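Enquirer: Provided below for reference: sequence and predicted model.
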Amino acid sequence: MEKKEILQVVIVLVTALFLINTLIPLITGSEKAMVVLSGSMTPIMLPGDMIVVKSVNPDELTAGDVIAFRDPGGKDTFVTHRIVKIEREGEKRIFRTKGDANEEEDFFKVPDSDVVGKLIFVIPFAGYLPEVTKNKALFLLTVIIPSVIIILDEIRAIIEYSNPVRAHKIEHNNIKVSRRSYSMIMGKRLIAIFLVSGFIFSGIAIINLGETGSIVLQKDNKVENAGFLPSVCVLLPEDSKNRFAVEPWYALIPPNSEIQAIAPGNMNLTISSVPYVLPVFWVISLAEINPYLPVVAEIALYTSIFTAFMFPLWYRKIVLGRKIKRMRYKRLLMLWKRTLNLV
């Protein structure tokens, strides 16, 4: 890629990230995207993450859902906590909530009219992006300077093309260059890089993979992490209503450590214990579909990222010189002569 193309790609990416806060609500139908300010829901969402909440009918909410609601303290902010209990006061539903990182339930009650939406996605660290506009030096380096370079380059192109004779000459040269150049993806090398990186990341994942699949949880159980990476363990009862019967039903486990999982008795559930290389919210969401899906997603994601990062090894833009072109013509001419002689 040319320098100009690289700068254009960078500016497009930065601009797209700045527009996330505006576009996501329009695309998903959500009320808004929010930035996490506190650690009350750690580790499912961390300070600086951006979360997406979708407007829902409060009657559809159940215990275990993470909701965003207006701050009962009257501040112009929102609180995002998990529903632990649902009560009724007349015709209204009242939600009792709790931050996953908090020991106690919230002291306040949340009426259904204060609910803004339900958490549907977490974007790690995206909440820091709006801060770039406040940091003048960073904004200058990432947006202003690249934009000025592209604008100056476009002005130069406009001046050059203002002369019809010169514009025709430039276009003629561009056509000649385009005819002599082509992009080539080296398929065998691409496949080899993908397979090798997939093998490496699969090995890392398997070494750090804990117990995964369907199990019967006893009253008192130990869940171990024998790997060298932190792991995310998710314990999901077959009946989602019993999610809070398991304590804890999800946890971060440091390397070479274990946690105690307590259940009321023998309980059928699925367990997913995978390396902590994806956001916890993503791991939980994938584990709810299939306990093996988180580790498959981790391997696929990091293999794809590594393969894309190594694109100089499998992608090339080749420009054919005049000598190569003449050699092709000579070879073609020789082939025709041989054919005619054979005839």
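Expert: Yep, it's here.
Enquirer: what bits of this protein have low per-residue confidence?
Expert: Judged by pLDDT under 70, the chain has its weakly predicted residues at 1-31, 129-144, 146, 160-161, 167-168, 170-183, 318-330, 336-337, 339-343.
Enquirer: Do a quick rundown of the helices in it.
Expert: 3-18, 20-28, 129-134, 136-139, 145-161, 164-180, 187-207, 280-289, 293-309, 311-314, 322-342 (DSSP state H).
Enquirer: Check this structure and tell me which residue is nearest its centre.
Expert: Centrality entry for the chain: nearest residue to the mean C-alpha point is Ile123, 6.5 Å, by Cα atoms, centre = their mean.
Enquirer: what's the neighbour count on Val35?
Expert: Around Val35 there are 17 other residues, counting by other Cβ atoms under 10 Å. (C-beta placed from N, C-alpha, C; glycine too.)
Enquirer: Likewise for Tyr128?
Expert: For Tyr128, the count of nearby residues is 13 (other Cβ under 10 Å).
Enquirer: what's the answer for Phe228, then?
Expert: 11.
Enquirer: Isn't it up against Pro255?
Expert: Yes - using Cβ atoms under 8 Å, Phe228 is in contact with Pro255, at 5.3 Å.
Enquirer: who touches the residue nearest to the centre of the chain in this structure?
Expert: 20, 49-52 (Cβ atoms under 8 Å, 6 or more residues apart in numbering).
Enquirer: beta partners of it?
Expert: Going by DSSP bridges, Ile123 is paired in beta bridges with Met50.
Enquirer: shouldn't Glu247 be in contact with Ile262?
Expert: Yes - Glu247 is in contact with Ile262 according to Cβ under 8 Å; the separation is 4.9 Å.
Enquirer: Go through the protein and flag its longest strand.
Expert: strand 78-89 (DSSP state E).
Enquirer: other SSEs contacting that one?
Expert: Applying 3 or more Cβ pairs under 8 Å, 6 or more residues apart in numbering; DSSP states H and E, we find strand 78-89 packed against strand 66-70, strand 92-98.
Enquirer: quick one: contacts of it?
Expert: Counting by Cβ under 8 Å, 6+ apart, residues outside strand 78-89 touching it are 34, 36, 40-41, 45, 51, 53, 61-72, 93-100, 105-106, 109, 116, 119, 244.
Enquirer: Please produce a PyMOL select command covering the buried subset of those residues.
Expert: To isolate the buried members of these in PyMOL, using 16 or more other Cβ atoms under 10 Å:
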select buried, resi 34+36+40+41+45+51+53+61+65+66+67+68+69+70+93+95+96+97+98+99+100+106+116+119
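Enquirer: show me the contacts for Tyr292.
Expert: By Cβ under 8 Å, 6+ apart, the contact set of Tyr292 is 212-213, 272.
Enquirer: and it, how far is that from Ser214?
Expert: Between Tyr292 and Ser214 the computed distance is 11 Å (Cβ to Cβ, to the nearest Å).
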